[in-house]
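In: Sequence first, predicted model second:
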Amino acid sequence: MILLDGAATAKSIKLEIASEVEALKKAGKKIPHLAAVLVGEDGASMTYVGSKVKSCEEVGFASTLITRPASTTESELLEIVRQLNNDPDIDGYILQLPLPKHIDEHKVLLAIDPEKDVDGFHPVNVGRMMLNLPCYLPATPAGIIELLRRYQVPTEGKHVVVIGRSHIVGLPVSILLQRNANPGNCTVTIAHSRTNDLKSLCASADIIIAALGKPEFVTGDMVKDGAVVVDVGITRVPDPSKKSGFRIAGDVNFAQVAEKCSYITPVPGGVGPMTIVSLLMNTLSAVKKHR
Ligand code: NAD
């Protein structure tokens with residue numbers, strides 16, 4: 001079994017990005033500037049945004065964190081989006097999801113300039129991804145693809161079962177894996193909460209991408225020998241033995257599944273760090289595109 005070490009891979013990609021930033025600096029060019037908008041005080045969102053900003057600093061990007069209370073109105077948020085769209089110093093920005101319930105997420109996402117949408121959530125970028133045109137790919141699916149690429153995991157002709165059909169993970173990773181590309185050329189089945197007999201479906205899969213948000217859902221009996229398993233799940237599970245009061249659990253029962261796999265991602269240290277570097281890669285490409 002080979003561990004798909006997202007933490008180590010992300011570290012080496014960050015070094016590559018940092019040296020590109022250094023070269024931009026030496027050439028007297030502007031360094032990339034990523035902004036992040038966080039509305040509300042959700043603990044997990046604060047952690048995610050915090051690590052994105054910290055990663056910007058690690059690679060030499062400029063970063064701006066805009067925080068607003070949960071009581072922020074939709075029109076106030078739309079005004080922030082308008083300002084970011086018009087700010088020539090900002091190369092790309094992200095809006096940390098979920099937004100408070102009283103804000104129409106689609107309306108705000110639609111207002112983001114697709115050229116600055118480094119999360120790849122704007123319909124223009126989603127559409128371009130569908131058509132295999134240049135675009136910003138959503139960070140988590142792009143991170144999974146990059147991890148498979150760097151470990152040269154064979155994907156051509158493989159049957160992939162993606163568990164989860166969300167717009168940010170399950171659906172886009174399915175699109176990317178069926179493309180005529182490497183990694184890609186897979187035969188993809190998308191499973192979701194209404195799928196019948198998921199157990200046998202998974203047992204026939206060469207590759208399983210688990211992105212459903214149910215801790216340790218994928219068990220040993222669901223995985224065939226030699227399968228590749230990518231665990232996207234991040235759930236905080238109460239754990240009184242931890243100082244924080246919780247531990248992070250993936251969607252895969254690692255202890256049962258790992259021994260049957262050819263490749264597997266750990267949680268933490270698998271897909272999570274790759275998601276963050278994808279965002280940095282998108283921001284770097286925004287700079288190259290515009291300047
Ligand atoms: P989501 O809640 O939007 O979607 C979950 C999907 O799982 C849905 O499509 C649903 O139909 C499916 N599902 C739920 N129960 C199921 C079941 N019993 N059988 C089959 N399918 C089922 O979740 P999401 O935003 O895609 O996130 C999924 C998980 O990935 C979460 O734990 C989230 O925290 C994590 N995540 C991790 C990263 C990362 O960087 N590692 C990024 C994004 C999301």
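Out: Everything's here; your move.
In: Return the residues of the chain in contact with the ligand.
Out: When proximity is defined as CB under 6 Å from any ligand atom, the chain approaches the ligand at 140, 163-166, 168-170, 191-193, 195, 198, 211-214, 232-235, 271-272, 275. C-betas here are computed from N, CA, C, even on glycine.
In: And stretch 158-165, what's buried?
Out: Within stretch 158-165, the residues scored as buried using 16 or more other CB atoms under 10 Å are 158, 160-165.
In: okay, now the nearest residue to residue 270 once chain neighbours are set aside: neighbour count?
Out: Residue nearest to residue 270 in three dimensions, not counting chain neighbours: residue 6, with 4.3 Å by CB to CB, 6 or more residues apart in numbering. By other CB atoms under 10 Å, the residues close to residue 6 number 27.
In: who's in contact with residue 6?
Out: Contact analysis of residue 6 by CB atoms under 8 Å, 6 or more residues apart in numbering lists 143, 147, 265-266, 269-274.
In: Take the residues you listed and write them to JSON lines, including neighbour count, secondary structure and pLDDT.
Out: Shown next, in JSON lines, are the contacts of residue 6 (neighbours: other CB atoms under 10 Å; DSSP: H, G, I helix; E, B strand; the rest coil; pLDDT from 0 to 100):
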{"residue": "143", "neighbour count": "28", "secondary structure": "helix", "pLDDT": "98"}
{"residue": "147", "neighbour count": "26", "secondary structure": "helix", "pLDDT": "98"}
{"residue": "265", "neighbour count": "29", "secondary structure": "coil", "pLDDT": "98"}
{"residue": "266", "neighbour count": "18", "secondary structure": "coil", "pLDDT": "98"}
{"residue": "269", "neighbour count": "18", "secondary structure": "coil", "pLDDT": "97"}
{"residue": "270", "neighbour count": "30", "secondary structure": "coil", "pLDDT": "98"}
{"residue": "271", "neighbour count": "29", "secondary structure": "helix", "pLDDT": "98"}
{"residue": "272", "neighbour count": "23", "secondary structure": "helix", "pLDDT": "96"}
{"residue": "273", "neighbour count": "23", "secondary structure": "helix", "pLDDT": "96"}
{"residue": "274", "neighbour count": "27", "secondary structure": "helix", "pLDDT": "97"}
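In: A strand includes residue 34, no?
Out: Yes - according to DSSP: H, G, I helix; E, B strand; the rest coil, residue 34 belongs to a strand.
In: Noted, bye for now.
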